[in-house]
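[1] sequence and computational prediction follow.
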Amino acid sequence: MTNNVGVRYPRETVTYFHLLFVAMIGYNDLDVERKIVSVLKIISESAQPVGARLIARQLKERGVELGERAVRYHLKLMDEKGLTRLVGRDGRLITEAGIEELESALVRDKVGLSISRIEMLSFRTDFDLNKKSGLIPVNISFFEEGSFGRAIKSMRPAFRAGLCASDLVGVARAGESLGEYVIPEGKIGLATVCSLVINGALLKAGIPIDSKFGGILQIRNREPVRFVELIHYAGSSLDPSEVFISARMTSVGQAAREGSGRILANFREIPALCREISDGVIARLREARVSGAMVIGETSEPVCEVPIELNRIGMVLLGGLNPVAAAAEDGIAVESHAMSTVLDYGGLIKFEELE
């Protein structure tokens, strides 16, 4: 390595300068690795090359403080490792090696990732119950262009049966975006309202809500019976709905048509003292065609065979991806990202308008 006056440094000195730089900006090895993973994730979510300025801005929105200059430094390191490649003057795209690194990095940090996403999206939700406007959380699903018509037909019974958080959806074609997600070539993106809208609305009303688990709920004669499978958010790096859909463990289409089957649902708890306020919030959400609350229990009483703590109330919320699960059950290829982003309520349309 040579400095600006032509002095050549030995490799040991270069390594020392690198370590000194890391020490000066306050990182340890784990900090660096986490920030590199965060940068890789942002690049992987974009179909277009992403520059350091945009990456720094998105990192800040996700609670990661890393300046543009530091981002450029990390990008250079990732280029050298083959995790990213330079496109144009400053843009980066992720490589196959980068995707592999992203999937396997920091497993210890992935434990509880689902609960972190719940908290983040709940905080970002700012839906105004009075004005019926603002941002609400959504799931993003990608369908092949050629199969989207079939997917609409498969999803229709689930929407009409109310097995969803809302009948409002967002749609975008290749090159367009839904929140931070750019739709890939040959795909159509569908945004379905996530049950986290209730978390966000209750949070804004000052009601603490404890997100316990996502699961598969058995229903019979259109009434909920029991949870037959569940995954606790705090112990999972994956969203339960994504897991259950991929494993073909649901029968949403059957439940919509016949009234009996297995659907996606989520379980929450709130303090019993907040019952009256929460009932009001949920009623206001229903007026905006948004809710998804299937069962609200009584104080300290089990809900769908799930025991409830003292002075608490259990809530069963319908999974926002139930219609997408119905499409998957019919053999339609779909890639879903649950609890993925927030969209403006005013930009959503009724599902029936797609038909």
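    Okay, I see it. Residues are numbered from 1 along each chain as shown.
[2] residues near residue 43, how many?
    Look at residue 43: counted by other C-beta atoms under 10 Å, it has 25 neighbours. The C-beta positions use only the backbone N, C-alpha and C, and glycine is treated the same way.
[3] next one: residue 154
    For residue 154, the count of nearby residues is 24 (other C-beta under 10 Å).
[4] do the same with residue 311
    Residues near residue 311, counting by other C-beta under 10 Å: 10.
[5] got it, and residue 141?
    As a burial measure, residue 141 scores 27 neighbours (other C-beta under 10 Å).
[6] with residue 249 instead?
    Residue 249 has 15 nearby residues by other C-beta under 10 Å.
[7] ok, now how distant is residue 349 from residue 156?
    Separation of residue 349 from residue 156 (C-beta to C-beta, to the nearest Å) stands at 15 Å.
[8] which of the two has more neighbours?
    Legend: neighbour count by other C-beta under 10 Å for residue 349 and residue 156, higher for residue 156 (19 against 12).
[9] please, which helix or strand holds that one?
    Taking DSSP states H and E as the criterion, residue 156 maps to helix 148-160.
[10] CA atoms of that helix as CSV?
    Output of helix 148-160 as CSV, limited to C-alpha atoms (Å, rounded to 0.1, in the frame of the first residue of the first chain):
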residue,chain,number,x,y,z
PHE,A,148,-52.0,-13.9,-11.3
GLY,A,149,-55.4,-14.3,-12.9
ARG,A,150,-55.6,-17.8,-11.4
ALA,A,151,-54.4,-16.5,-8.1
ILE,A,152,-57.2,-14.0,-7.9
LYS,A,153,-59.7,-16.7,-8.5
SER,A,154,-58.2,-18.9,-5.8
MET,A,155,-58.0,-16.0,-3.3
ARG,A,156,-61.6,-14.7,-4.0
PRO,A,157,-63.4,-17.2,-1.6
ALA,A,158,-61.0,-16.3,1.3
PHE,A,159,-61.6,-12.6,0.9
ARG,A,160,-65.4,-13.0,0.6
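[11] for that helix, what is the distance to the chain centroid?
    Relative to its chain's centre, helix 148-160 lies at 22 Å (C-alpha atoms, centre = their mean, to the nearest Å).
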